[in-house]
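Engineer: Structure for this input, please:
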Amino acid sequence: MRDLAAELGTTQMAAYHYVRSRGGLETLLLDEILAGVDVPPANAGSWHERLRGLTENSLAVLRSWTGSGPLLLRHRPRRKAEHIAALIAVLRDAGFTERDAVLAARLIQVWCWGELSVREYLDGKPVETGTPAAGPSKRPVARLEISEDEVTEFALDVMLEGLRARLARTTTGAGSGEHRDV
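Structural biologist: Residues are numbered from 1 along each chain as shown. Here you go, the predicted model:
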């Protein structure tokens, strides 16, 4: 709060007039960051294309702000719930049960936020909340140079393959025999 007040040219106490705590400020910051995430419309492709697009877009926006991963694990901004609802809507449109859609959305979000946190840790960056990030990086993992895009593509491929298989088992087991966009 002291740094914010100095940046704004005011006193620390004046800053607390508008925001009660650092946590409150971080929550407002996360809402602003998440406002930049575009949700693909229902006619933007198959469910897995929309899910991949939403996840990749989310990561691109969140990667542009150092410390966003750890913050998302600690706070519950309003737009975080909207983001989860968008993921669930895509999964429900695909035919997942409400329970499976919620579980899958949680899996994807926890992976995204964890990936952001781990990336910053492995890159050796101090996690300064809400500062613009330096840009894409490659980091050594088991003596290999692996880019953020490679990690994202691999993780989404694995998660989507598992979700397709789950949906196929669920729709076949329900006796419908219908497989939408699988």
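
Engineer: how about the helices in this structure?
Structural biologist: Assigned by DSSP state H, the helices in the chain fall at 2-8, 12-18, 22-34, 47-63, 68-74, 78-94, 98-122, 148-173.

Engineer: With mean neighbour count, mean pLDDT and distance to residue 40 added, can I get these in TSV?
Structural biologist: For glycine as for every other residue, the C-beta is placed from the backbone atoms N, C-alpha and C. Below are these laid out as TSV (neighbours: other Cβ atoms under 10 Å; pLDDT from 0 to 100; distance: least, Cβ to Cβ, whole Å):
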stretch	mean neighbour count	mean pLDDT	distance to residue 40
helix 2-8	11	74	34
helix 12-18	12	79	35
helix 22-34	17	88	16
helix 47-63	20	93	5
helix 68-74	20	84	21
helix 78-94	18	92	8
helix 98-122	17	87	14
helix 148-173	15	90	14
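
Engineer: With distance to residue 41 as extra columns, can I get these in CSV?
Structural biologist: Converted to CSV, the helices of the chain look like this (distance: least, Cβ to Cβ, whole Å):
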stretch, distance to residue 41
helix 2-8, 37
helix 12-18, 35
helix 22-34, 18
helix 47-63, 8
helix 68-74, 24
helix 78-94, 11
helix 98-122, 18
helix 148-173, 19
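
Engineer: What distance do you get for residue 9 to residue 89?
Structural biologist: Note on residue 9: its distance to residue 89, by Cβ to Cβ, to the nearest Å, is 43 Å.

Engineer: Ok, residue 163 next?
Structural biologist: Distance, residue 163 to residue 89, by Cβ to Cβ: 15 Å.

Engineer: Okay then, goodbye and thanks.
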